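Enquirer: Build me a model from this:
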Amino acid sequence: MKAALFAYSRRGMETGRKVCRALTDEISCYAPERLAGEGYAPIPKPSRDFYGEKFRESELLVFVGSCGIAVREIAPFVASKTSDPAVVCLDEGGNFVISLLSGHIGGANALTRRLAEALGATPVITTATDVNRKFSVDTWATEKGYVLSDLKAAKAVSAAILEGPVPLKSDFPIRGKLPPGVIAGETGKVGIYLTWGTEEPFDVTLRLIPKALHLGIGCRKGISAQAVENAVSAVLEDHKIDRRAIARAASIDLKAQETGLLEVCEENHWPVTFYTADQLLAVEGTTASSAFVRSVTGVDNVCERAALAGAEHLLIEKTALGGVTVALAAEHWEVDFG
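Expert: Predicted coordinates:
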């Protein structure tokens, strides 16, 4: 985690050092120029651009001082709960730790509790679901690595859960009990659906999407990025799969320099792995076999074997479109609310 800490007095700097010891991540510490030194770099003047840079590049900002200072410095840069960093504020004596911004998705609430416990301080958390001890769906989703399908739907779920139980549907096995404020159900005005699909069973559906799918791609030499994108998009649309569920892509090492394939993976932020023919031949669970593909690559099926490498089962079999072959495999996935 990239983090920055700001302190404005010598006592605050000492509290800041305690914060750094409590957090295992490396933290860059800053103080006014007259106090800089002993682990604290100077806050440059004018400081607006400096705070803006730290806000954009950091995952966590810690202010040791009044909430007013923190609010004034971050106010020009606050944009969205999906992109803003976690912001935590402590009084210079380390008596209170306050979750100020991005409590759920950014993780400020969890960090507040963690710091308060380490410092023997009082955590101050004001988000409604936490105050009422209800299930915080965006916090849980972020901690478990799910993607929220829609921020408005997440807000609707958080509001509904304060009024009564919210139904939850899952395509995956659930271990243990459902959290407070959630019941099993498949219909309702507002609900939660754990799935890598795109269907929405509730009037307002918040889909929680696990990044658990492996995309296998085969292609002819010199294929364009547009052809790869068109094939992948068509397969996902036909099978009602949300592309945000794709954790990684894979192919054979013969395709490691295919610009079109690489461009699509980069555009979608999919890490891509290239396997040797021998590695792919060791993969089990495929359905398709081609003598021609074997004569060219040394393996009878590229996309299915590449998708299955490191996954549990084949979800979508080989589909050929416009010089591209596509397959999807899924990792083992269970839901744990613990």
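Enquirer: lowest-confidence helix or strand of the chain?
Expert: For the chain, counting by mean pLDDT, DSSP states H and E, helix 128-131 ranks last in confidence among helices and strands (a mean of 67).
Enquirer: Show the subsequent helix or strand relative to that one.
Expert: On the C-terminal side of helix 128-131, the closest following helix or strand by DSSP states H and E is helix 137-144.
Enquirer: contacting residues around that following helix?
Expert: Residues outside helix 137-144 that contact it (C-beta atoms under 8 Å, 6 or more residues apart in numbering): 81, 103-107, 109-110, 129, 146-148, 154, 157-158, 161, 179, 192, 206, 208, 210, 336-337. C-betas here are computed from N, CA, C, even on glycine.
Enquirer: Flag every buried residue along that helix.
Expert: By 16 or more other C-beta atoms under 10 Å, the buried positions in helix 137-144 come out as 137-142.
Enquirer: same question, stretch 2-21
Expert: Buried, per 16+ other C-beta under 10 Å, within stretch 2-21: 3-8, 12-13, 15-20.
Enquirer: Can you tell me which of those end up in helices?
Expert: When DSSP state H defines the helices, the subset of those inside them is 12-13, 15-20.
Enquirer: and which of the buried residues of helix 137-144 is nearest to I246?
Expert: A141 (17.2 Å; C-beta to C-beta).
Enquirer: What segments of the stretch 1-150 of the chain are strands?
Expert: Along the stretch 1-150 of the chain, counting by DSSP state E, counting those that start in this stretch, strands occupy 3-7, 27-31, 41-42, 60-64, 86-90, 96-101, 122-124, 146-148.
Enquirer: burial count for the nearest residue to K221 once chain neighbours are set aside?
Expert: In space, and not counting its chain neighbours, K221 is closest to E258: 7.5 Å by C-beta to C-beta, 6 or more residues apart in numbering. Other residues lying near E258 total 21 when counted by other C-beta atoms under 10 Å.
Enquirer: likewise K211?
Expert: With other C-beta under 10 Å as criterion, K211 counts 16.
Enquirer: With the one 5 residues further on instead?
Expert: Using other C-beta under 10 Å as the criterion, G216 is surrounded by 30 other residues.
Enquirer: Check E199 too.
Expert: Neighbours of E199 (other C-beta under 10 Å): 12.
Enquirer: Now it: closest residue in space, sequence neighbours ignored.
Expert: Of all residues not flanking E199 in the chain, K240 sits nearest, at 6.0 Å (C-beta to C-beta, 6+ apart).
Enquirer: give the contact list for that neighbour.
Expert: Here K240 is in contact with 197-199 (C-beta under 8 Å, 6+ apart).
Enquirer: Leaving out sequence neighbours, find the closest residue to the residue nearest in space to the middle of the chain.
Expert: Among the residues of the chain, the one closest to the centroid is G145, at 5.2 Å (C-alpha atoms, centre = their mean). Distances taken as C-beta to C-beta, 6+ apart put K211 closest to G145, at 6.3 Å, once the chain neighbours are dropped.
Enquirer: Hmm, the one you found is touching D242, no?
Expert: No. Applying C-beta atoms under 8 Å as the test, K211 and D242 come out as separate, 10.2 Å apart.
Enquirer: what's the overlap in contacts for these two?
Expert: Joint contacts of K211 and D242 (C-beta under 8 Å, 6+ apart) are V147.
Enquirer: For the longest strand anywhere in the chain, which strands pair with it and how are they oriented?
Expert: Taking DSSP state E as the criterion, the chain has its longest strand at strand 313-321. Take DSSP bridges as the rule and strand 313-321 pairs in its sheet with strand 324-330 (antiparallel).
Enquirer: C-alpha coordinates for the strand it pairs with, CSV please?
Expert: Coordinates of each C-alpha in strand 324-330 appear next as CSV, following Å, rounded to 0.1, in the frame of the first residue of the first chain:
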residue,chain,number,x,y,z
VAL,A,324,-9.5,-16.0,-33.0
THR,A,325,-10.3,-18.9,-30.7
VAL,A,326,-11.7,-18.1,-27.2
ALA,A,327,-12.3,-20.3,-24.1
LEU,A,328,-13.1,-19.5,-20.5
ALA,A,329,-12.2,-21.5,-17.4
ALA,A,330,-13.1,-20.8,-13.8
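Enquirer: for whichever helix or strand comes after it, packing partners?
Expert: Downstream of strand 324-330, the first helix or strand assigned by DSSP H and E is strand 335-336. If you count contacts as 3 or more C-beta pairs under 8 Å, 6 or more residues apart in numbering; DSSP states H and E, strand 335-336 packs onto strand 174-175.
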